[in-house]
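>>> let me see the structure of the following:
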Amino acid sequence: MHIKASYLALGLSALAASAPVAAANIVTSIKPLELIVKAVAGDDAKVTTLVPAGSSPHNYSMKPSQRRALEQADVIFWVGPEMETFLNRLLSGREFQDRAMAFMEGPEIDQKDNHHDHHDDHGHQEDAHAHHHHHDHGDGEDPHIWIDPALALEMAKGVRTRLATLDGMSAEQLDANLARFEESLATAEQDIRARLSGAQNVSLFTYHNAFTRYAEHYDLTLDGVLTLNPELSPGARHIAEVQRKLQQANQPCLLTEPQFNRQWWRSITEGLDVTFSTWDPLATNIESNAEGYINFQYSIADAVTNCLPE
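Take a look at the predicted model:
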């Protein structure tokens, strides 16, 4: 996703100067976690990410080479059991449990009051209420925590604490990098709020529930979610409900995602006056460097502003 050069004029140049702290083998499950790690550890940190571009962490199958990367890792960062289900058994086993850090289980995340209603990704499509607790997401909590910049900062603090325990890591440099990230994130958030002020009257719809935290953080109106399970097409009753909401919505805009099939959502919206915009919760096209997470936040804002009338 194209990031405008003007974004980097927001005092983010300081991040580019963040120095590497040490040579450690760091593994992350998904690209956004890699971006958070780079913000804390510096551009030259050696980070291997498991889920490749175009794949979804909801149903990924790991390759033997990635198992070897885990074996060689000094630390492994992942969201947690409710997101990367393919890692559950492996990282809870004796071989990896001491090296793995799951953010959904960390005190930095748990202490925050973020228990939003969440339609889980792995249940029956027709009935959202029966579906809600079919596969528990931390007492109903939305597992897409990296989307929320406030939670991303808490995650960065957790990364700093964990990296500081590794041999050769400079706590002083980690602290300096973290301070730069916090300052740049605050600046970017203020700018994004201003950019999104005109979007608060637009009715946003998303492909699946990954957008919830961003919408709540920036006071956007999220009127509907197309599918409760991103791996399956939704049932007839849910489709009818979404179509009814789209018909009644004020300037409806559907935020689609590049990881999932586009064919059926076009048929759902056929004949309706709906704007389309694409955002990528996995930050596939964001360059992996110390300011990558900031640019990721702007890429989401870009997708929302594309929903605004000309």
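
>>> make it CA atoms for all contacts and neighbour counts henceforth
OK.

>>> and the contacts of the helix or strand harbouring residue 215?
According to DSSP states H and E, residue 215 maps onto helix 212-217. Under the contact criterion CA atoms under 8 Å, 6 or more residues apart in numbering, helix 212-217 has outside partners 142, 144-145, 147-148, 221-222.

>>> let's see it at 10 Å
Helix 212-217 has contacts (CA atoms under 10 Å, 6 or more residues apart in numbering) with 114, 116-118, 142-151, 189, 193, 200, 204, 206, 219-222, 225, 297, 300-301, 304.

>>> inside helices: which ones of the residues you listed?
Under the assignment DSSP state H, the contacts of helix 212-217 contribute 149-151, 189, 193, 297, 300-301, 304 to helices.

>>> lowest average confidence, helix or strand, in the protein?
Using mean pLDDT, DSSP states H and E, the weakest-scoring helix or strand in the chain turns out to be helix 128-131, at a mean of 28.

>>> neighbours of residue 161, how many?
14 (other CA atoms under 10 Å).

>>> wait, residue 24
19.

>>> circling back to that earlier point, just the buried residues of the helix holding residue 215, please?
For helix 212-217, burial by neighbour count (16 or more other CA atoms under 10 Å) applies to 212-215.

>>> now do stretch 276-289
276-284, 286-289.

>>> and the residue lying farthest from the centre of the chain, what is it in contact with?
Of all residues in the chain, residue 271 sits farthest from the chain's C-alpha centroid, using CA atoms, centre = their mean; the distance is 31.6 Å. Residue 271 sits next to residue 247 when contact means CA under 10 Å, 6+ apart.

>>> you'd agree it is in a strand?
No: looking at residue 271 with DSSP: H, G, I helix; E, B strand; the rest coil, it is coil, so not inside a strand.

>>> measure it to residue 246 for me?
Applying CA to CA, to the nearest Å, the value for residue 271 to residue 246 is 11 Å.

>>> same check on residue 205?
From residue 205 to residue 246 the distance is 8 Å (CA to CA).

>>> what of residue 204?
Plainly put, residue 204 is 9 Å away from residue 246 if you go by CA to CA.

>>> neighbour count winner among these two?
residue 204 (28 against 24).

>>> from memory that one sits against residue 242, does it?
No: look at residue 204 against residue 242 with CA atoms under 10 Å: they stay out of range, at 11.7 Å.

>>> who touches both of the two?
Joint contacts of residue 204 and residue 242 (CA under 10 Å, 6+ apart) are 223-225.

>>> and which of those residues is nearest residue 94?
Nearest to residue 94, judged by CA to CA, of the shared contacts of residue 204 and residue 242 is residue 225 at 38.4 Å.

>>> who touches whichever strand or helix holds residue 244?
For residue 244, the host element (DSSP H and E) is helix 236-248. For helix 236-248, contacts defined as CA under 10 Å, 6+ apart pick out 125-128, 203-205, 223-228, 233-234, 249, 252-254, 265, 268-274.

>>> can you pull the buried residues of it?
238-239, 242-243, 245-246.

>>> list the contacts of the helix or strand just after that helix.
Sequence-wise, the next helix or strand downstream of helix 236-248 (DSSP H and E) is strand 253-256. The contact list for strand 253-256, computed with CA under 10 Å, 6+ apart, reads 202-208, 211, 222-226, 246, 262, 265, 269, 273-280, 300, 303-304, 306-308.

>>> what's the burial count for residue 170?
Count around residue 170 with other CA under 10 Å applied: 17.

>>> all strands of the protein, in order?
25-28, 46-49, 75-78, 100-102, 204-206, 222-225, 253-256, 275-278 (DSSP state E).

>>> among these, which is the most enclosed?
strand 204-206 (a mean of 26; mean count of other CA atoms under 10 Å).

>>> so for that one, mean pLDDT?
Computed over strand 204-206, the mean pLDDT rounds to 92.

>>> now do stretch 182-198
Mean pLDDT, stretch 182-198: 97.

>>> buried stuff in it?
Neighbour-count burial for stretch 182-198 flags 182, 184-185, 188-189, 192, 196 (criterion: 16+ other CA under 10 Å).

>>> hmm, back to that, nearest to residue 96, of the buried residues of helix 212-217?
Closest to residue 96, out of all of the buried residues of helix 212-217 and judged by CA to CA, is residue 213, at 29.8 Å.

>>> so how far is residue 239 from the closest one?
To residue 239, residue 213 is 23 Å away according to CA to CA.

>>> and residue 30, by the same measure?
30 Å.

>>> and what of residue 212?
Counting by CA to CA - residue 212 and residue 239 are separated by 19 Å.

>>> got a list of what the closest residue to residue 156 other than its chain neighbours touches?
In this structure, residue 156 finds its nearest non-sequential neighbour in residue 36, 6.0 Å apart by CA to CA, 6 or more residues apart in numbering. By CA under 10 Å, 6+ apart, the contact set of residue 36 is 28, 42, 146, 152-153, 155-157, 159, 178, 181, 288-294.

>>> good, wrapping up.
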